[in-house]
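Chemist: structure for the following, please:
(2 chains)
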Amino acid sequence: MILFYLAIQSLKNRMTTSILTVVSIALSVALLFAVERTQRAAEEGFTQSVSQVDLLVGAKTGPLNLILYTVFNMGSASNNISWQSYQEIKAKPQVEWTIPYSLGDGHKGYRVVATDENFYQHYRFRGDQSVQMKEGRAALDIWDVTVGAEVAKKLNYKLGDPIVIAHGVTKGQGIQFHDDKPFKVVGILKPTGTALDQSIYISLYGMEAIHMDWKDGAAPQPGQEIPAQNLSKENIQIGPITSFFLRTKSRIETLRLQREINNYAEEPLLAIIPGATLSELWRGLSQIDIILKVISWMVLAVGLASMVSNLLASLNERRREMSILRSIGATTIQMTALLVFESTLLTIIGILVGAFLNLFAFWGISSWLENEFGFYLSGPAFTASEGFYAILILAAGLLVGLWPAWIARQRALKDGLAIKV
Amino acid sequence: MMIEIKNLKFKYANQKQQTLNIPAFQMKKNEKVFLFGPSGCGKTTFLEALAGVIQPASGQILIAGQDIVPLSQPEKDRVRGLKMGYIFQNFNLIPYLNAQENILLPLQLIPEKIATAGITDLQSDLKKISQKLGIESLLQKNVTELSVGQQQRVAAARALIGRPQIILADEPTSALDFDHREKFVQLLFEMANQQQTAILFVSHDRSLQNLFDRSVQFSEMNSVEAV
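Modeler: This is a model prediction of the structure:
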């Protein structure tokens, strides 16, 4: 195809401006793709903060509230689930496993989660990622503590360090400490990039142990404290929990079980499907990525505008070239095609370079993002939406190429072959 | 007749005065015509009208019997591409192609020209023409490395290769020094005669006019009032 060859040769002849144009398009494409990918990873990280869980059950409250305090450490539960109800639901034949959560205490601003071995065994996030130990073991004994990755890093905890748990989550004055019953760090979790990193995990026994001598939410009167050494798993009766995750044996059971729990006669309970609620929550939070996307489209518009201005500027230098082509019989259509080829070629190269730039940049910084921000670039680098954007950008490049081509055509028809400056 | 013009009138949109008003002009096949006149008198405009790149207000332009005035722009482009060669005063060549690519460009833009011109062996044609014009060793060179005289010869080769019926030459020698002018024209004639190509040669410099079959003063055929 001679026009294609001419376009390439002509671009090569104007190497510097061609490269600048490609770079400006490539950078804007890379930015757009980066925003898209970051947003996708953020959404996935968020909506997959917990996965492979069919139901999340708590006391009757709003679904968002339940998700926020169970999965994201935000807010607090309005009520508890009795141990008996928990046991009854857990024993239902459809249930495969449950992870109980007992919340309410904290440590230096981080939340304490009391749970059991099911958490370490069954909790999943971002698809199939499980909770893993960086060091030590799971907190299953009464005075055991396993700390999340971020807690360990910020508070500089090592195995064997003592931890005093505060009553209530908040930092500040007037907090009561369970300082009569210190815990000991027995494990540190690997970073997960979810809210799991910002929590401290103890056993349900531990949670019960520090509150056994408390009455109506108040610290024990002097003389009524139960000393820590008197407590063992055998003499601790586990009380109410805050919420629990539930996995059914077969997904078909989920909706029926959900209805069953929501109509539970013994006490008012709420069962939600976490994935659905997380997606709903994400949509509410996703204003920011619309703004980011608008900005990157604007950057792209600037890139395309610079291409048009380059092509328009080059038209003046190329009047002679256009006259020569006309003189040897090139039609105005062929000349239009030549210029559109050029802009399309620049756009295609720009898109490809931008895509590679995006790929390599993320490849280069992904481990840094994971370590510093707990931000995981899971999922594919390119999806249908990138493809769609690429086609859109290509169409835009083609369209803006028509403008200089049209001007060249008007000039050719008006000026003939002579160059009239 | 190669060219036959009847009552050709043309005026630029931004000018009051008519640039062309040619009641009649004729050129026979294979005829070499020298058209002279001072700069700015409308010679180039006349060539552009013949080439069909500007649209006359009225009149007829018959190229080998076909009136191109009523044709659409693409049809005019086609007539020009198939039947004409064009040589400018200078800067005839596409700067980012080498000499050979420049010469062959018309045939690649309009591939059917090879057949209509009756070219059977393009490579041997190319070799013959470039040998004749003394540019055989320059074919692979970047055209920006060529001297003006060499560039004009490459342009001549490009005009000749499609075996056009007529070559329109717009002061093709005025960038050359005197010794080269005559040689260039002689070479051009020699090859044009071989393939029965007419030449309409426009110049303000009458020193070459004796080489031609006929010379015409542009102001005599173009009856516009003096500006």
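Chemist: chain B versus residue A:127, what's the distance?
Modeler: Distance of residue A:127 to chain B, given as Cβ to the nearest Cβ, to the nearest Å: 53 Å. Every residue, glycine included, has its C-beta placed from N, CA and C.
Chemist: helix, strand, or coil at that residue?
Modeler: coil (DSSP: H, G, I helix; E, B strand; the rest coil).
Chemist: tally up the residues packed near it, please.
Modeler: Neighbour count for residue A:127, taken as other Cβ atoms under 10 Å in any protein chain shown: 11.
Chemist: then residue A:346?
Modeler: 26.
Chemist: what residues are up against it?
Modeler: A:11, A:18, A:21, A:22, A:25, A:307, A:397 (Cβ atoms under 8 Å, 6 or more residues apart in numbering or on different chains).
Chemist: so which of those residues reach chain B?
Modeler: Applying Cβ under 8 Å from any Cβ of the partner chain, the subset of those adjacent to chain B is empty.
Chemist: and of the residues you listed, the nearest to chain B?
Modeler: Each of those was checked against chain B using Cβ to the nearest Cβ; the closest is residue A:11, at 8.9 Å.
Chemist: please enumerate the strands of chain B.
Modeler: Secondary structure of chain B by DSSP state E: the strands cover B:3-10, B:20-27, B:32-36, B:58-63, B:66-67, B:84-87, B:166-170, B:198-203, B:214-217.
Chemist: meant to ask about the stretch 201-350 of chain A, not that
Modeler: For the stretch 201-350 of chain A, the strands defined by DSSP state E, counting those that start in this stretch cover A:243-248, A:269-272.
Chemist: what separates the first one from the chain centre, distance-wise?
Modeler: Taking the mean C-alpha point of strand A:243-248 and that of its whole chain, the gap between them comes to 23 Å (Cα atoms, centre = their mean, to the nearest Å).
Chemist: contacting residues around it?
Modeler: Against strand A:243-248 from outside (Cβ under 8 Å, 6+ apart): A:50, A:52-59, A:66, A:69-70, A:77, A:81, A:86, A:89-90, A:94-101, A:103, A:122-123, A:254, A:257, A:271, A:274.
Chemist: can you list the strands of chain B in a markdown table and add mean neighbour count, distance to residue A:189 and mean pLDDT?
Modeler: Output for those, formatted as a markdown table (neighbours: other Cβ atoms under 10 Å in any protein chain shown; distance: least, Cβ to Cβ, whole Å; pLDDT from 0 to 100):
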| stretch | mean neighbour count | distance to residue A:189 | mean pLDDT |
| --- | --- | --- | --- |
| strand B:3-10 | 19 | 86 | 91 |
| strand B:20-27 | 18 | 89 | 91 |
| strand B:32-36 | 22 | 93 | 93 |
| strand B:58-63 | 18 | 87 | 92 |
| strand B:66-67 | 12 | 87 | 92 |
| strand B:84-87 | 26 | 80 | 90 |
| strand B:166-170 | 25 | 83 | 92 |
| strand B:198-203 | 24 | 88 | 93 |
| strand B:214-217 | 15 | 98 | 92 |
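Chemist: for chain A, which of those is the nearest?
Modeler: Of all the strands of chain B, strand B:84-87 comes closest under Cβ to the nearest Cβ, at 3.9 Å.
Chemist: list the contacts of the residue nearest to residue A:136 when sequence neighbours are not counted.
Modeler: Closest residue to residue A:136 apart from its sequence neighbours, by Cβ to Cβ, 6 or more residues apart in numbering or on different chains: residue A:187 at 3.4 Å. Taking Cβ under 8 Å, 6+ apart, we find residue A:187 in contact with A:133, A:135, A:136, A:137, A:138, A:139, A:144, A:145, A:146, A:147, A:159.
Chemist: can I have the buried ones of those as a ChimeraX selection?
Modeler: The buried residues among the contacts of residue A:187 can be selected in ChimeraX (16 or more other Cβ atoms under 10 Å in any protein chain shown) with this line:
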select /A:136,138,139,144,145,146,147
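Chemist: tell me the phi and psi of the closest residue to residue B:175 other than its chain neighbours?
Modeler: In space, residue B:175 comes closest to residue B:90 once its chain neighbours are excluded; the distance is 4.4 Å by Cβ to Cβ, 6+ apart. In terms of degrees, to the nearest 10, the main-chain angles of residue B:90 are phi -160, psi -180.
Chemist: likewise for the one 5 residues further on?
Modeler: The phi and psi torsions at residue B:95 (degrees, to the nearest 10) take the values phi -70, psi -20.
Chemist: thought residue A:12 was touching it, still the case?
Modeler: No. Using Cβ atoms under 8 Å, residue B:95 is not in contact with residue A:12, being 11.2 Å away.
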